[in-house]
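K.L.:
whatever this is, show me its structure:
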Amino acid sequence: MNIQSMKELIVACDSEQKNIGELMLMLEAKNSGKKEETIIGMMEERLIKMKEAVDNGIKDRSAAPSGISGGDAVKMFEYTTQGKSLSGNYIGDAMTYSLATSESNARMGVIVATPTAGAAGILPGVLFSLKKNDHYSNKELVMGLFTSSMLGYVIANRSFISGAAGGCQAEVGSATAMAAGTIVEMKGGTPEQAVNATALALKSLLGLVCDPVAGLVEVPCIKRNVIGTSIAFSAADLSLAGIESRIPCDEVIEAMYRIGKEMPRTLRETALGGLATTETGKQVKDRLFRKKM
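P.N.:
Residues are numbered from 1 along each chain as shown. All right, here's what the predicted structure looks like:
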């Protein structure tokens, strides 16, 4: 069985009587020749690395080597702990954990690319927020990772997940879409609802450019990860409420591909446009490059 579209994914889930995560696990076992228990163990290792990045990030106030990021996760953790979050516990906690992960990445810590390092904060942010607020077990989080893997697999094969290829819509957009579908499945939604949430989330980020200041995956990447968590929860809520994307998910993915192809080179991770070429962005670049000389 080779899943090449979201439409095929829904059909396969129905025929196999499995949800998306279960189907992904089954396919991985068939394709790799490994036992499901072995594959689950490998995914558990990745979950542990995600948790370590979160735990390190929420207590580390130090700056990244560049000096342009670091310490914001601690601020957000203290803010949400005081019950001040306007977004509520789910999104407030997800933003905190997303910041923690992305800042750990900027400090050269170990993270799990989901689907890329530049978008690695969104899925851990969402998963560990669900764990805290709904008391999901690690096993349930692992199955959530299989769900997101399946959704990301289809997106990657129908479009792209690289900022250099298609802008930040391909990185933060894909990660947000994967997280939205995962939330729906973990909350008991159907495969159709999960795919619908994926479409709703991705639609909201079409056209997002990749314009890293000084060419580093920090500004604006880190905070885009944070905002992605709130979009993921919003898309999941819409889908679970029965609200559908008027454009099918496969067509949304195709639109992302076309937009990425039409996007100028200056807005695809080259740091030659967008926020990277603002006055402040250029000052940061000049300061960092002088430091290296």
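K.L.:
output the below-cut-off pLDDT ranges for the stretch 101-250 of the chain.
P.N.:
Applying pLDDT under 70 to the stretch 101-250 of the chain picks out no residues at all.
K.L.:
element containing the spatially most central residue of the chain?
P.N.:
With distances taken as CA atoms, centre = their mean, the residue of the chain nearest its centroid is Ala175 (2.8 Å). Secondary structure from DSSP states H and E places Ala175 in helix 172-186.
K.L.:
could I have the CA atoms of that helix written out in CSV?
P.N.:
The C-alpha trace of helix 172-186 is given here as CSV (Å, rounded to 0.1, in the frame of the first residue of the first chain):
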residue,chain,number,x,y,z
VAL,A,172,5.9,26.2,9.7
GLY,A,173,2.9,25.7,7.5
SER,A,174,3.5,22.0,7.1
ALA,A,175,4.3,21.6,10.8
THR,A,176,1.2,23.5,11.9
ALA,A,177,-1.0,21.4,9.5
MET,A,178,0.5,18.2,10.9
ALA,A,179,-0.1,19.3,14.5
ALA,A,180,-3.7,20.3,13.7
GLY,A,181,-4.6,16.9,12.3
THR,A,182,-2.8,15.2,15.2
ILE,A,183,-4.8,17.2,17.8
VAL,A,184,-8.0,16.1,16.1
GLU,A,185,-7.1,12.4,16.1
MET,A,186,-5.9,12.5,19.7
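K.L.:
what helices and strands are in contact with the following helix or strand past it?
P.N.:
Per DSSP H and E, the first helix or strand lying C-terminal to helix 172-186 is helix 191-203. Counting contacts by 3 or more CB pairs under 8 Å, 6 or more residues apart in numbering; DSSP states H and E, helix 191-203 is packed against helix 6-16, helix 138-158, helix 172-186, helix 221-240, helix 249-262. Every C-beta, even on glycine, is put in place using the N, C-alpha and C of the backbone.
K.L.:
what do you get if the cut-off is 6 Å, keeping everything else the same?
P.N.:
Applying 3 or more CB pairs under 6 Å, 6 or more residues apart in numbering; DSSP states H and E, we find helix 191-203 packed against helix 6-16, helix 172-186, helix 221-240, helix 249-262.
K.L.:
distance to Gly33 added to these, as a markdown table?
P.N.:
Formatted as a markdown table, the helices and strands packed on helix 191-203 follow (distance: least, CB to CB, whole Å):
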| stretch | distance to Gly33 |
| --- | --- |
| helix 6-16 | 19 |
| helix 172-186 | 26 |
| helix 221-240 | 33 |
| helix 249-262 | 29 |
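K.L.:
quick check: which of these is buried the most?
P.N.:
For these, the largest average neighbour count (mean count of other CB atoms under 10 Å) is found in helix 172-186, namely a mean of 31.
K.L.:
can you tell me the closest non-neighbouring residue to Asn221?
P.N.:
That one is not Asn; residue 221 is Cys. Spatially, and ignoring its direct neighbours in sequence, Cys221 is nearest to Gly118 (5.2 Å; CB to CB, 6 or more residues apart in numbering).
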